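[1] need a structure here:
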Amino acid sequence: MSDGVKRRLGTAVRSRWGKNRLMAMVGIRMMFHDRAKLVGTLLGVIFATVLVNQQLGVLMGLLFKNTMLVENAGADIWIVSPGLESVIGGNRLSMYTLNQARVAEGVAWAEPMAYGTANVSLPNGGSEAVSLIGTRLTHYGAGPWNMVAGDVEALEMPDTVIFEDSQRQKLGGLNLGSVRELSGHRVVVGGFTWGLLPFAPSYAFTEFDTARNILRIPSDQTTFVLVGVAEGADVNAVRDDLARRLPELRVITREDFRSSIVSYLIRAQLGISFGTSTAFAVIVGFVIVALSMFSAVVDNIREFGTLKAMGASNFDLAKLLLVQSIAYAVIGSIVGLFLVTRMSEGIRSANLVLVLPWWMYAGTFGFMTVLCIVASGLALLRVRNVEPGMVFR
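    Here you go, the predicted structure:
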(Lines give C-alpha, C1' and ligand atoms only; values in the text may rest on other atoms or scores of the structure.)
Protein backbone atom coordinates (compact mmCIF):
# COMPACT_ATOMS: atom_id res chain seq x y z
CA MET A 1 0.00 0.00 0.00
CA SER A 2 1.46 3.38 -1.01
CA ASP A 3 2.31 6.13 1.50
CA GLY A 4 -0.23 8.43 -0.22
CA VAL A 5 -3.06 6.00 0.38
CA LYS A 6 -1.97 5.57 4.00
CA ARG A 7 -2.02 9.35 4.55
CA ARG A 8 -5.44 9.67 2.98
CA LEU A 9 -6.73 6.79 5.10
CA GLY A 10 -5.53 8.49 8.25
CA THR A 11 -7.50 11.59 7.30
CA ALA A 12 -10.50 9.69 5.95
CA VAL A 13 -11.17 7.68 9.11
CA ARG A 14 -12.47 10.93 10.62
CA SER A 15 -15.13 11.21 7.90
CA ARG A 16 -17.65 8.48 7.11
CA TRP A 17 -18.05 9.66 3.53
CA GLY A 18 -14.31 10.00 3.08
CA LYS A 19 -13.77 6.51 4.47
CA ASN A 20 -16.36 4.97 2.13
CA ARG A 21 -14.86 6.71 -0.87
CA LEU A 22 -11.37 5.60 0.10
CA MET A 23 -12.45 1.98 0.62
CA ALA A 24 -13.95 2.00 -2.86
CA MET A 25 -10.77 3.46 -4.34
CA VAL A 26 -8.52 0.97 -2.55
CA GLY A 27 -10.77 -1.92 -3.63
CA ILE A 28 -10.59 -0.91 -7.30
CA ARG A 29 -6.80 -0.43 -7.12
CA MET A 30 -6.34 -3.84 -5.52
CA MET A 31 -8.46 -5.38 -8.28
CA PHE A 32 -6.30 -4.01 -11.08
CA HIS A 33 -3.02 -4.53 -9.24
CA ASP A 34 -3.11 -8.30 -9.71
CA ARG A 35 -4.02 -8.69 -13.39
CA ALA A 36 -4.02 -12.49 -13.31
CA LYS A 37 -6.60 -12.61 -10.50
CA LEU A 38 -8.62 -9.91 -12.25
CA VAL A 39 -8.77 -11.88 -15.50
CA GLY A 40 -9.56 -15.14 -13.68
CA THR A 41 -12.45 -13.62 -11.74
CA LEU A 42 -13.85 -11.85 -14.79
CA LEU A 43 -13.69 -15.08 -16.78
CA GLY A 44 -15.90 -16.70 -14.15
CA VAL A 45 -18.49 -13.92 -14.44
CA ILE A 46 -18.28 -13.91 -18.24
CA PHE A 47 -18.66 -17.70 -18.40
CA ALA A 48 -21.73 -17.63 -16.18
CA THR A 49 -23.22 -14.69 -18.10
CA VAL A 50 -22.71 -16.27 -21.53
CA LEU A 51 -23.92 -19.75 -20.60
CA VAL A 52 -26.93 -18.61 -18.55
CA ASN A 53 -28.11 -16.16 -21.22
CA GLN A 54 -27.40 -18.63 -24.02
CA GLN A 55 -29.50 -21.29 -22.31
CA LEU A 56 -32.29 -18.85 -21.47
CA GLY A 57 -32.13 -17.37 -24.99
CA VAL A 58 -32.56 -20.82 -26.56
CA LEU A 59 -35.38 -21.59 -24.12
CA MET A 60 -37.14 -18.31 -24.95
CA GLY A 61 -36.65 -19.05 -28.65
CA LEU A 62 -38.23 -22.49 -28.32
CA LEU A 63 -41.13 -21.09 -26.31
CA PHE A 64 -41.62 -18.36 -28.91
CA LYS A 65 -41.70 -20.93 -31.71
CA ASN A 66 -44.47 -22.81 -29.96
CA THR A 67 -46.56 -19.76 -29.05
CA MET A 68 -46.12 -17.81 -32.30
CA LEU A 69 -49.26 -19.29 -33.85
CA VAL A 70 -51.38 -18.08 -30.95
CA GLU A 71 -49.69 -14.67 -30.99
CA ASN A 72 -50.01 -14.19 -34.75
CA ALA A 73 -53.41 -15.75 -35.40
CA GLY A 74 -55.16 -12.41 -34.93
CA ALA A 75 -57.74 -13.83 -32.53
CA ASP A 76 -58.51 -12.34 -29.12
CA ILE A 77 -60.19 -15.53 -27.90
CA TRP A 78 -59.69 -19.20 -28.75
CA ILE A 79 -62.35 -21.89 -28.34
CA VAL A 80 -60.70 -25.29 -27.98
CA SER A 81 -61.55 -28.76 -26.74
CA PRO A 82 -61.63 -29.21 -22.93
CA GLY A 83 -58.29 -29.80 -21.23
CA LEU A 84 -56.21 -28.77 -24.26
CA GLU A 85 -52.99 -27.03 -23.17
CA SER A 86 -51.39 -26.41 -26.58
CA VAL A 87 -52.41 -26.21 -30.24
CA ILE A 88 -51.47 -29.88 -30.72
CA GLY A 89 -54.03 -32.59 -30.03
CA GLY A 90 -57.52 -32.24 -28.70
CA ASN A 91 -60.89 -33.24 -30.10
CA ARG A 92 -62.65 -31.55 -33.01
CA LEU A 93 -65.41 -29.05 -32.41
CA SER A 94 -68.90 -28.91 -33.89
CA MET A 95 -69.78 -26.06 -36.22
CA TYR A 96 -72.49 -25.30 -33.67
CA THR A 97 -69.64 -23.79 -31.65
CA LEU A 98 -68.92 -21.35 -34.48
CA ASN A 99 -72.56 -20.29 -34.70
CA GLN A 100 -72.77 -19.69 -30.96
CA ALA A 101 -69.63 -17.56 -31.08
CA ARG A 102 -70.93 -15.42 -33.94
CA VAL A 103 -74.11 -14.40 -32.13
CA ALA A 104 -72.44 -13.59 -28.80
CA GLU A 105 -72.45 -9.95 -27.73
CA GLY A 106 -69.14 -8.14 -28.26
CA VAL A 107 -67.91 -10.50 -30.99
CA ALA A 108 -66.70 -8.73 -34.15
CA TRP A 109 -65.96 -11.93 -36.07
CA ALA A 110 -65.59 -15.67 -35.51
CA GLU A 111 -64.00 -18.11 -37.95
CA PRO A 112 -63.07 -21.80 -37.94
CA MET A 113 -59.48 -22.99 -38.11
CA ALA A 114 -58.40 -26.44 -39.30
CA TYR A 115 -55.20 -27.91 -37.91
CA GLY A 116 -53.52 -31.28 -38.37
CA THR A 117 -50.58 -33.18 -39.81
CA ALA A 118 -50.36 -33.82 -43.56
CA ASN A 119 -47.66 -35.59 -45.58
CA VAL A 120 -45.90 -34.13 -48.64
CA SER A 121 -45.04 -36.79 -51.22
CA LEU A 122 -41.42 -36.36 -52.37
CA PRO A 123 -40.34 -36.72 -56.03
CA ASN A 124 -37.80 -39.43 -55.18
CA GLY A 125 -40.20 -41.38 -52.99
CA GLY A 126 -41.07 -41.14 -49.33
CA SER A 127 -42.81 -38.25 -47.64
CA GLU A 128 -42.30 -35.42 -45.14
CA ALA A 129 -44.83 -34.16 -42.61
CA VAL A 130 -46.10 -30.59 -42.28
CA SER A 131 -48.47 -29.00 -39.77
CA LEU A 132 -51.29 -27.87 -42.04
CA ILE A 133 -53.36 -24.84 -41.01
CA GLY A 134 -56.62 -24.01 -42.73
CA THR A 135 -57.69 -20.35 -42.62
CA ARG A 136 -60.87 -18.57 -43.75
CA LEU A 137 -60.01 -15.91 -46.28
CA THR A 138 -62.37 -13.28 -44.89
CA HIS A 139 -60.10 -12.54 -41.93
CA TYR A 140 -57.09 -14.77 -42.65
CA GLY A 141 -57.28 -15.81 -39.00
CA ALA A 142 -54.22 -17.96 -38.24
CA GLY A 143 -53.06 -17.17 -41.75
CA PRO A 144 -49.40 -17.04 -42.82
CA TRP A 145 -47.02 -14.34 -41.61
CA ASN A 146 -43.30 -13.66 -42.14
CA MET A 147 -43.82 -14.10 -45.88
CA VAL A 148 -40.56 -14.11 -47.89
CA ALA A 149 -41.97 -15.12 -51.29
CA GLY A 150 -45.42 -14.98 -52.83
CA ASP A 151 -48.42 -13.30 -51.22
CA VAL A 152 -51.06 -14.27 -48.68
CA GLU A 153 -53.74 -13.62 -51.31
CA ALA A 154 -52.40 -16.60 -53.25
CA LEU A 155 -54.58 -18.71 -50.94
CA GLU A 156 -57.60 -17.43 -52.89
CA MET A 157 -56.48 -19.70 -55.73
CA PRO A 158 -57.85 -23.28 -55.52
CA ASP A 159 -55.63 -25.95 -53.90
CA THR A 160 -52.84 -23.48 -53.08
CA VAL A 161 -50.53 -24.01 -50.10
CA ILE A 162 -47.89 -21.75 -48.55
CA PHE A 163 -44.89 -23.64 -47.15
CA GLU A 164 -41.88 -22.87 -44.91
CA ASP A 165 -38.89 -21.53 -46.87
CA SER A 166 -36.23 -23.20 -44.70
CA GLN A 167 -37.79 -26.60 -45.47
CA ARG A 168 -37.89 -26.25 -49.26
CA GLN A 169 -35.16 -28.78 -49.97
CA LYS A 170 -36.41 -31.16 -47.31
CA LEU A 171 -39.85 -31.08 -48.96
CA GLY A 172 -38.46 -32.03 -52.36
CA GLY A 173 -37.00 -28.79 -53.74
CA LEU A 174 -40.11 -26.61 -53.69
CA ASN A 175 -40.41 -23.47 -55.79
CA LEU A 176 -43.25 -21.08 -56.53
CA GLY A 177 -45.70 -22.94 -58.74
CA SER A 178 -44.39 -26.41 -57.84
CA VAL A 179 -47.03 -29.12 -57.78
CA ARG A 180 -47.05 -31.74 -55.01
CA GLU A 181 -49.34 -34.26 -53.44
CA LEU A 182 -50.32 -33.42 -49.87
CA SER A 183 -51.85 -36.48 -48.22
CA GLY A 184 -53.07 -37.60 -51.64
CA HIS A 185 -54.43 -34.16 -52.59
CA ARG A 186 -52.85 -32.25 -55.50
CA VAL A 187 -51.69 -28.78 -54.38
CA VAL A 188 -49.74 -25.87 -55.85
CA VAL A 189 -47.03 -23.94 -53.98
CA GLY A 190 -48.21 -20.33 -53.68
CA GLY A 191 -45.56 -18.80 -51.38
CA PHE A 192 -43.10 -19.26 -48.55
CA THR A 193 -42.80 -18.14 -44.94
CA TRP A 194 -39.62 -18.05 -42.86
CA GLY A 195 -38.96 -19.29 -39.33
CA LEU A 196 -42.32 -20.96 -38.67
CA LEU A 197 -40.89 -24.12 -37.12
CA PRO A 198 -42.54 -25.28 -33.89
CA PHE A 199 -41.74 -28.54 -32.08
CA ALA A 200 -44.15 -30.16 -34.52
CA PRO A 201 -43.42 -30.23 -38.28
CA SER A 202 -43.17 -26.86 -40.02
CA TYR A 203 -46.33 -24.85 -40.58
CA ALA A 204 -48.04 -24.87 -43.98
CA PHE A 205 -51.12 -22.76 -44.78
CA THR A 206 -54.08 -23.18 -47.07
CA GLU A 207 -57.73 -22.17 -47.36
CA PHE A 208 -60.01 -23.70 -44.72
CA ASP A 209 -62.10 -25.95 -47.01
CA THR A 210 -58.96 -27.20 -48.77
CA ALA A 211 -57.37 -28.06 -45.41
CA ARG A 212 -60.58 -29.76 -44.27
CA ASN A 213 -60.52 -31.99 -47.38
CA ILE A 214 -56.83 -32.83 -46.99
CA LEU A 215 -57.13 -33.56 -43.26
CA ARG A 216 -60.42 -35.41 -43.80
CA ILE A 217 -62.35 -33.26 -41.35
CA PRO A 218 -66.16 -33.64 -41.74
CA SER A 219 -67.99 -30.58 -43.05
CA ASP A 220 -69.79 -30.08 -39.73
CA GLN A 221 -66.57 -29.99 -37.66
CA THR A 222 -63.51 -27.82 -37.13
CA THR A 223 -60.36 -27.96 -34.99
CA PHE A 224 -60.56 -24.52 -33.35
CA VAL A 225 -62.80 -21.48 -33.41
CA LEU A 226 -61.07 -18.10 -33.46
CA VAL A 227 -62.89 -15.05 -32.13
CA GLY A 228 -62.14 -11.37 -32.66
CA VAL A 229 -63.59 -8.98 -30.06
CA ALA A 230 -65.33 -5.81 -31.22
CA GLU A 231 -63.61 -2.49 -30.58
CA GLY A 232 -64.46 -1.19 -27.11
CA ALA A 233 -65.71 -4.56 -25.86
CA ASP A 234 -64.07 -6.16 -22.83
CA VAL A 235 -62.20 -9.34 -23.82
CA ASN A 236 -62.74 -11.02 -20.44
CA ALA A 237 -66.45 -10.22 -20.48
CA VAL A 238 -66.82 -11.73 -23.97
CA ARG A 239 -64.84 -14.77 -22.89
CA ASP A 240 -67.10 -15.28 -19.85
CA ASP A 241 -70.21 -14.98 -22.00
CA LEU A 242 -68.88 -17.55 -24.47
CA ALA A 243 -67.92 -19.85 -21.61
CA ARG A 244 -71.53 -19.74 -20.36
CA ARG A 245 -72.82 -20.53 -23.84
CA LEU A 246 -70.31 -23.36 -24.34
CA PRO A 247 -69.76 -24.88 -20.87
CA GLU A 248 -68.39 -28.15 -22.27
CA LEU A 249 -65.51 -26.42 -24.11
CA ARG A 250 -62.48 -24.38 -23.09
CA VAL A 251 -62.81 -20.67 -23.91
CA ILE A 252 -59.52 -18.88 -23.37
CA THR A 253 -57.99 -15.49 -24.21
CA ARG A 254 -54.90 -15.20 -26.36
CA GLU A 255 -52.70 -14.21 -23.40
CA ASP A 256 -53.97 -17.06 -21.20
CA PHE A 257 -53.56 -19.60 -24.02
CA ARG A 258 -50.00 -18.45 -24.57
CA SER A 259 -49.26 -18.77 -20.84
CA SER A 260 -50.84 -22.22 -20.84
CA ILE A 261 -48.56 -23.38 -23.66
CA VAL A 262 -45.45 -21.96 -21.94
CA SER A 263 -46.38 -23.62 -18.64
CA TYR A 264 -47.08 -26.92 -20.37
CA LEU A 265 -43.77 -26.96 -22.27
CA ILE A 266 -41.66 -26.03 -19.24
CA ARG A 267 -43.45 -28.51 -17.02
CA ALA A 268 -43.51 -31.37 -19.51
CA GLN A 269 -40.39 -31.03 -21.66
CA LEU A 270 -38.05 -28.09 -21.20
CA GLY A 271 -37.85 -27.29 -17.49
CA ILE A 272 -35.49 -30.03 -16.33
CA SER A 273 -33.02 -29.91 -19.23
CA PHE A 274 -32.63 -26.13 -19.40
CA GLY A 275 -32.88 -25.73 -15.63
CA THR A 276 -29.99 -28.17 -15.13
CA SER A 277 -27.77 -26.44 -17.71
CA THR A 278 -28.49 -23.01 -16.27
CA ALA A 279 -27.80 -24.19 -12.71
CA PHE A 280 -24.49 -25.69 -13.87
CA ALA A 281 -23.43 -22.35 -15.36
CA VAL A 282 -24.34 -20.51 -12.14
CA ILE A 283 -22.47 -22.99 -9.93
CA VAL A 284 -19.31 -22.95 -12.04
CA GLY A 285 -19.32 -19.16 -12.25
CA PHE A 286 -19.91 -18.87 -8.50
CA VAL A 287 -17.03 -21.23 -7.68
CA ILE A 288 -14.60 -19.40 -9.99
CA VAL A 289 -15.51 -15.97 -8.61
CA ALA A 290 -15.45 -17.14 -4.96
CA LEU A 291 -12.08 -18.86 -5.25
CA SER A 292 -10.54 -15.97 -7.18
CA MET A 293 -11.68 -13.39 -4.62
CA PHE A 294 -10.54 -15.56 -1.71
CA SER A 295 -7.16 -16.07 -3.38
CA ALA A 296 -6.84 -12.32 -3.94
CA VAL A 297 -7.51 -11.68 -0.23
CA VAL A 298 -4.88 -14.24 0.79
CA ASP A 299 -2.33 -12.67 -1.53
CA ASN A 300 -3.05 -9.20 -0.10
CA ILE A 301 -3.47 -10.22 3.53
CA ARG A 302 -0.82 -7.75 4.79
CA GLU A 303 -2.58 -4.89 3.00
CA PHE A 304 -5.83 -5.77 4.75
CA GLY A 305 -3.93 -5.93 8.04
CA THR A 306 -2.50 -2.47 7.35
CA LEU A 307 -5.99 -1.09 6.73
CA LYS A 308 -7.18 -2.51 10.03
CA ALA A 309 -4.13 -1.13 11.85
CA MET A 310 -4.97 2.33 10.49
CA GLY A 311 -8.55 2.26 11.74
CA ALA A 312 -10.56 0.35 9.16
CA SER A 313 -13.21 -1.94 10.65
CA ASN A 314 -14.46 -5.26 9.35
CA PHE A 315 -17.50 -3.39 8.07
CA ASP A 316 -15.23 -1.04 6.11
CA LEU A 317 -13.42 -4.00 4.55
CA ALA A 318 -16.79 -5.54 3.70
CA LYS A 319 -17.56 -2.35 1.77
CA LEU A 320 -14.24 -2.75 -0.06
CA LEU A 321 -15.16 -6.28 -1.10
CA LEU A 322 -18.67 -5.11 -2.03
CA VAL A 323 -17.23 -2.53 -4.43
CA GLN A 324 -15.01 -5.19 -5.97
CA SER A 325 -17.98 -7.55 -6.34
CA ILE A 326 -20.07 -4.91 -8.11
CA ALA A 327 -17.16 -3.99 -10.39
CA TYR A 328 -16.59 -7.65 -11.33
CA ALA A 329 -20.31 -8.12 -11.98
CA VAL A 330 -20.68 -5.02 -14.15
CA ILE A 331 -17.54 -5.56 -16.24
CA GLY A 332 -18.12 -9.30 -16.64
CA SER A 333 -21.81 -8.83 -17.50
CA ILE A 334 -21.05 -6.21 -20.15
CA VAL A 335 -18.48 -8.45 -21.85
CA GLY A 336 -20.65 -11.56 -21.50
CA LEU A 337 -23.79 -9.87 -22.87
CA PHE A 338 -21.77 -8.50 -25.78
CA LEU A 339 -20.63 -12.02 -26.66
CA VAL A 340 -24.16 -13.44 -26.35
CA THR A 341 -25.58 -10.66 -28.51
CA ARG A 342 -22.97 -11.30 -31.20
CA MET A 343 -23.75 -15.00 -30.99
CA SER A 344 -27.46 -14.29 -31.43
CA GLU A 345 -26.84 -12.03 -34.41
CA GLY A 346 -24.55 -14.65 -35.98
CA ILE A 347 -27.22 -17.35 -35.92
CA ARG A 348 -29.14 -17.28 -39.18
CA SER A 349 -30.94 -20.60 -38.88
CA ALA A 350 -34.71 -20.94 -38.78
CA ASN A 351 -34.23 -24.03 -36.61
CA LEU A 352 -32.43 -22.25 -33.77
CA VAL A 353 -33.24 -18.70 -32.70
CA LEU A 354 -31.97 -16.96 -29.56
CA VAL A 355 -34.60 -14.64 -28.13
CA LEU A 356 -33.07 -12.11 -25.72
CA PRO A 357 -35.76 -9.78 -24.31
CA TRP A 358 -34.77 -6.52 -22.64
CA TRP A 359 -35.57 -7.82 -19.15
CA MET A 360 -32.96 -10.55 -19.59
CA TYR A 361 -30.26 -7.92 -20.05
CA ALA A 362 -31.44 -5.98 -17.00
CA GLY A 363 -31.78 -9.15 -14.93
CA THR A 364 -28.26 -10.27 -15.83
CA PHE A 365 -26.66 -7.28 -14.10
CA GLY A 366 -28.74 -7.77 -10.97
CA PHE A 367 -28.23 -11.54 -10.85
CA MET A 368 -24.47 -11.39 -11.45
CA THR A 369 -24.12 -8.67 -8.82
CA VAL A 370 -25.86 -10.89 -6.26
CA LEU A 371 -23.72 -13.87 -7.33
CA CYS A 372 -20.48 -11.90 -6.92
CA ILE A 373 -21.57 -10.44 -3.57
CA VAL A 374 -22.44 -13.90 -2.24
CA ALA A 375 -19.16 -15.26 -3.60
CA SER A 376 -17.25 -12.49 -1.80
CA GLY A 377 -18.63 -13.81 1.49
CA LEU A 378 -15.92 -16.47 1.47
CA ALA A 379 -13.26 -13.77 1.20
CA LEU A 380 -14.96 -11.73 3.93
CA LEU A 381 -14.65 -14.64 6.36
CA ARG A 382 -10.89 -14.58 5.85
CA VAL A 383 -10.69 -10.79 6.20
CA ARG A 384 -12.56 -10.84 9.53
CA ASN A 385 -9.82 -12.99 11.05
CA VAL A 386 -7.01 -10.64 10.04
CA GLU A 387 -5.25 -9.10 13.05
CA PRO A 388 -3.95 -5.52 12.74
CA GLY A 389 -0.78 -6.47 14.62
CA MET A 390 0.36 -8.86 11.88
CA VAL A 391 1.83 -5.95 9.91
CA PHE A 392 4.43 -5.45 12.67
CA ARG A 393 5.63 -9.07 12.66
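[2] And the residue nearest the centre of this protein?
    Residue closest to the mean C-alpha point of the chain, counted by CA atoms, centre = their mean, is M60 at 1.9 Å.
[3] Excluding residues flanking it in the chain, which one is nearest that one?
    V355 (3.9 Å; CB to CB, 6 or more residues apart in numbering). The way it works is simple: take the backbone N, C-alpha and C, and place the C-beta from them, glycine included.
[4] and the gap between D299 and F274?
    38 Å (CB to CB, to the nearest Å).
[5] who's more crowded, these two?
    Counted by other CB atoms under 10 Å, D299 and F274 do not tie: F274 has more neighbours, with 17 against 14.
[6] Now name the helix or strand holding the more buried one.
    In the assignment (DSSP states H and E), F274 maps to helix 271-299.
[7] which other helices and strands contact that helix?
    With contacts taken as 3 or more CB pairs under 8 Å, 6 or more residues apart in numbering; DSSP states H and E, helix 271-299 sits against helix 35-72, helix 314-346, helix 358-384.
[8] One more pass at 7 Å, please.
    helix 35-72, helix 358-384 (3 or more CB pairs under 7 Å, 6 or more residues apart in numbering; DSSP states H and E).
[9] Next, the angle helix 35-72 makes with it.
    With axes from the mean of the first three to the mean of the last three CA atoms, to 10 degrees applied, the angle from helix 271-299 to helix 35-72 works out at 160 degrees.
[10] Could you give me the buried positions within helix 271-299?
    Counting neighbours by 16 or more other CB atoms under 10 Å, one finds that the buried residues in helix 271-299 are 274, 277-278, 281-282, 285-286, 288-297.
[11] Show the subsequent helix or strand relative to it.
    Next in sequence after helix 271-299, counting helices and strands by DSSP H and E, comes helix 301-309.
[12] is it true that F199 lies in a helix?
    No. With DSSP: H, G, I helix; E, B strand; the rest coil as the criterion, F199 is coil rather than part of a helix.
[13] Now for it, how many residues are close by?
    There are 13 residues near F199, going by other CB under 10 Å.
[14] residues in contact with it?
    F199 is in contact with N66, counting by CB atoms under 7 Å, 6 or more residues apart in numbering.
[15] What pLDDT does the model give it?
    For F199, the model assigns a pLDDT of 80.
[16] Now it: phi and psi?
    Backbone torsions of F199, given as degrees, to the nearest 10, read phi -60, psi -30.
[17] I figured the residue nearest to the centre of the chain hits V353, correct?
    No. Counting by CB atoms under 7 Å, M60 sits too far from V353 to count as a contact (8.9 Å).
[18] quick check, F163 in a strand?
    Yes. F163 sits within a strand when classified using three-state DSSP.
[19] mind checking the SS state of the residue nearest to M60?
    Per three-state DSSP, V355 ends up coil.
[20] doesn't V58 make contact with it?
    No. Look at V355 against V58 with CB under 7 Å: they stay out of range, at 8.5 Å.
[21] which one of these two has more residues nearby?
    V58 (19 against 16).
[22] residue ranges with poor pLDDT in this structure?
    Along the chain, segments meeting pLDDT under 70 span 1-19, 268-271, 348-351, 385-393.
[23] in the lengthiest strand in it, what counts as buried?
    Taking DSSP state E as the criterion, the chain has its longest strand at strand 107-121. Buried residues in strand 107-121, counting neighbours by 16+ other CB under 10 Å, are found at 107, 109-116, 118-121.
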